[in-house]
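A.B. asks: Sequence first, predicted model second:
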Amino acid sequence: MRKLLSSLNPEQRHAVMHTQGPVLVLAGAGSGKTRVITVRTAYLMSGGVPAENILCMTFTKKAAREMRERLKGMVGKDRADGLTVCTFHALCVQMLREAGEKIGLPKRFTICDATDQITVVKKVLRQLHIAETSVRPWDAKSAISLWKNCLVSPEQALDAACDDREILMAHAFEKYEERLLHSRLLDFDDLLLRGLQLLKEDKASRELFQNRWQYLMVDEYQDTNAPQYAIIQHLTGKKRNLCVVGDDDQSIYGWRGADVSKILRFPDDFPGAEIVRLERNYRSTAPILEAANRVIANNTTRHDKTLIPVIEGGEKPRIMQCDDETHEARLICDEIRLRVEGGDASFGQHAILFRTQTQTRAFEAELRSRGIPYVLVGGMSFFDRKEVKDVLCYLRLLANADDESALVRILDAPPRGVGKATMAKAVDWAIKHGISANAAFQHSEEAGIAKGPARAYSELQSSLEVLRLQLEEGRALTDVMRDMISAVDYRAEVERSYPDEQEQMMRWNAVMEMLNFSQNYERSCKRKKKKPTLHGFLEAIVLSATEDTSAEDASKRGSVTLMTLHAAKGLEFPRVYLVGLEEGLLPHRRSALEDSIPEERRLAYVGITRAERHLTLSFATTRAKMGKAKTSHPSRFLFEMTGKDPYDGWVPIEQSLGFTGQSS
DNA sequence: TGTGTCCGAGACGAA
DNA sequence: CTCGGACACA
């Protein structure tokens, strides 16, 4: 422990050793904020605080995983296992599973993801006779989510609506909530809202959890939104043992209702709070920090601070001009391969960061064709595959027969004689009577559902019912799942949809891979002496808390990391490629309309400050949009960074390859 | 009423 | 290029 403490600077040490009462750590990127949390946790434990009484909260699962890894290294695996290190959402699920019935939550709710939200939104838009051309489902989903994350009710949203579009979306919001309720679904935002409701309304639960988690730590506090903030308030009991760390320059979740002012208000919320500032950057070289400082200085409303480098020397960031996204990917992948083959670096030291998920495609193709190992973070690429989603939806239906959005998805995969006309009738009737579509099928005749489809539907449900009973009797999840796949004849769907035999094989392999997942889940439950349940399995997947991280991390160590800037926050890599620095992409096209250029700038800042030694910024002069090549212009952030026209300062492609630059 | 195919519009970020 | 909706056919 002494060794850990002596590795900190005086300010960090102060924050670590100030264990009683509220502490605010305000600091720039790379100044060791997260280190404060982890060492503080170890310090608390060395002082006799049981691991079970410590709660560390993060915003992304990646950050949670990373933090847990670091803690394992400090206090050992066994003691780290007792700690609660998770995202706000995972925390809420835990609380709700334990005590959700206290606030009247249905016992068997299912969590739904963004795709399901869109499904539900589409349905309510149709119900309200709103054309999808006037209100795009995706936009309505975002608006609803933002409302919920700002603790705005449908009524309040309607009151505050100032144009037709907002009125329509507010109406959709109201219906959306109804539909979710009847499907026994909770979306991600509900997890926070219900978690908060539980803490607020049920005194016993509140005291239970306050007592359990006597020491709270929150990473990236600048990203807390209203429900998360209120959850922290309620969990922090009279003892007020709360330590938050954050940086206003890294606030990148405005679209999720995060409010930077909360970090500034902390001393008012928690009078007597100890405030610690960390200003020295231990992560990056001076030239990289200079670029970061220059960009972020263009934001006007911020705490004026400059990152002070500890590491001296180092090479300047490079700017790379490319013809198009394929060229960009090719150059970067070639360079990575050269570096690794030359013994200069390992694959695991490289990260490729981008603004949008669609940018992954070109990189994945190039990496794969070179046989370079890579890990795609956050994109859930495996779970996004159609066949995997289908299987998951069957599982959801198994867990919750009322789950409408799962039902819609698999009803005709494979076709079984009940199609969308029937489904529409069932849903109409369900909406009219305030019940689920599943319940409406029980009243087929009244709902005007023809005999044939009605029978086909009940055949589906009864074959699922058999499996449900088997689960209740304790049959292993993986076995039930295997039977389910054959009971619904999913193989037929794979064969029907993909005439190409090789593709068929790949798709079917992915389905089989799901069985491995459930087996791993069962195994990890056994390790933790928990009972494996279908609900638990689905939650592990939707929250991506799949405990099989050791395998993932092992492979990651030797792999290039591909991720969005949002996912990259809190992480660091020796060699970073920040790609697609173009107007319309970073800053994103939408940000101009929403008046959120400063947030885009912070996003760029986050990207730059991930780099430890080498930073490469790239832009393409043309980029394919919707299958067509469009001209792109270099990002204003490149201009801000260099103080001159990007075209003037870029490193020619020839030089960016090979080993022309000095290496430190 | 269910299924197959063609065509047209379409992309932000995380849990 | 990739999804989902409309439309034609069974």
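C.D. replies: Thanks, I have the structure now.

A.B. asks: element containing residue A:351?
C.D. replies: strand A:350-354 (DSSP states H and E).

A.B. asks: which residues touch that strand?
C.D. replies: Strand A:350-354 has contacts (C-beta atoms under 8 Å, 6 or more residues apart in numbering) with A:332, A:336, A:339, A:360, A:363, A:560-565, A:568, A:571, A:573-580, A:607, A:610. Just so you know, the C-beta spots here come from the backbone N, C-alpha and C atoms, and that holds for glycine as well.

A.B. asks: and whichever helix or strand comes after that strand with DNA strand C, contact?
C.D. replies: On the C-terminal side of strand A:350-354, the nearest following helix or strand under DSSP H and E is helix A:360-370. No. Using C-beta under 7 Å from any atom of the strand, helix A:360-370 stays clear of DNA strand C, with a minimum separation of 8.1 Å.

A.B. asks: where exactly do the strands run in the stretch 51-200 of chain A?
C.D. replies: Taking DSSP state E, counting those that start in this stretch as the test, the strands found in the stretch 51-200 of chain A are A:54-58, A:84-87, A:110-111, A:185-186.

A.B. asks: Of all those strands, which one is nearest DNA strand B?
C.D. replies: Among these, strand A:84-87 comes nearest to DNA strand B, with 4.2 Å by C-beta to the nearest atom of the strand.

A.B. asks: is the closest one anywhere near DNA strand B?
C.D. replies: Yes. With C-beta under 7 Å from any atom of the strand as the measure, strand A:84-87 is seen reaching DNA strand B through residue A:87.

A.B. asks: Output the below-cut-off pLDDT ranges for chain A.
C.D. replies: A:379-381, A:545-556, A:644-664 (pLDDT under 70).

A.B. asks: And the closest residue to DNA strand C within it, its phi and psi?
C.D. replies: The nearest approach of chain A to DNA strand C comes at residue A:627, 2.6 Å away (C-beta to the nearest atom of the strand). Listed backbone geometry of residue A:627 is phi 80, psi -10, with angles given as degrees, to the nearest 10.

A.B. asks: what about it, neighbour count?
C.D. replies: Residues near residue A:627, counting by other C-beta atoms under 10 Å, number 5.

A.B. asks: do you know how far it is from residue A:358?
C.D. replies: 12 Å (C-beta to C-beta, to the nearest Å).

A.B. asks: Residue A:422 now?
C.D. replies: 35 Å.

A.B. asks: Please apply the same query to residue A:221.
C.D. replies: Counting by C-beta to C-beta, the gap from residue A:221 to residue A:358 is 31 Å.

A.B. asks: Check for me that residue A:277 belongs to a helix.
C.D. replies: No. Assigned with DSSP: H, G, I helix; E, B strand; the rest coil, residue A:277 falls outside any helix and is strand.

A.B. asks: what does chain A have sitting close to DNA strand C?
C.D. replies: A:122, A:132, A:386, A:626, A:627, A:628.

A.B. asks: Look up the closest residue to the second one, ignoring the ones flanking it.
C.D. replies: Meaning residue A:132. Once flanking residues are discounted, residue A:132 sits nearest to residue A:125: 6.2 Å by C-beta to C-beta, 6 or more residues apart in numbering.

A.B. asks: can you pull the contacts of the one you found?
C.D. replies: A:131, A:132, A:135, A:137, A:140, A:172.

A.B. asks: If any of the contacts of strand A:350-354 are buried, put those into a ChimeraX selection.
C.D. replies: Those of the contacts of strand A:350-354 that count as buried under 16 or more other C-beta atoms under 10 Å are selected in ChimeraX with:
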select /A:332,336,339,360,363,560,561,562,563,564,565,568,571,573,575,576,577,578,579,580,607,610
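
A.B. asks: Among the contacts of strand A:350-354, which ones are in strands?
C.D. replies: The members of those that map onto strands under DSSP state E are A:560, A:561, A:562, A:563, A:564, A:573, A:574, A:575, A:576, A:577, A:578.

A.B. asks: Farthest pair within these?
C.D. replies: Farthest pair in those (C-beta to C-beta) is A:564 and A:574. Separation: 19.7 Å.

A.B. asks: follow-up on the earlier one: could I get the strand holding residue A:351 in PDB with only the CA atoms?
C.D. replies: Provided in PDB are the C-alpha atoms of strand A:350-354 (Å, rounded to 0.1, in the frame of the first residue of the first chain):
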ATOM      1  CA  HIS A 350      -2.700   0.500 -31.500                       C
ATOM      2  CA  ALA A 351      -6.100   2.100 -31.400                       C
ATOM      3  CA  ILE A 352      -8.200   3.400 -34.300                       C
ATOM      4  CA  LEU A 353     -10.800   5.900 -33.100                       C
ATOM      5  CA  PHE A 354     -13.700   7.300 -35.100                       C
END
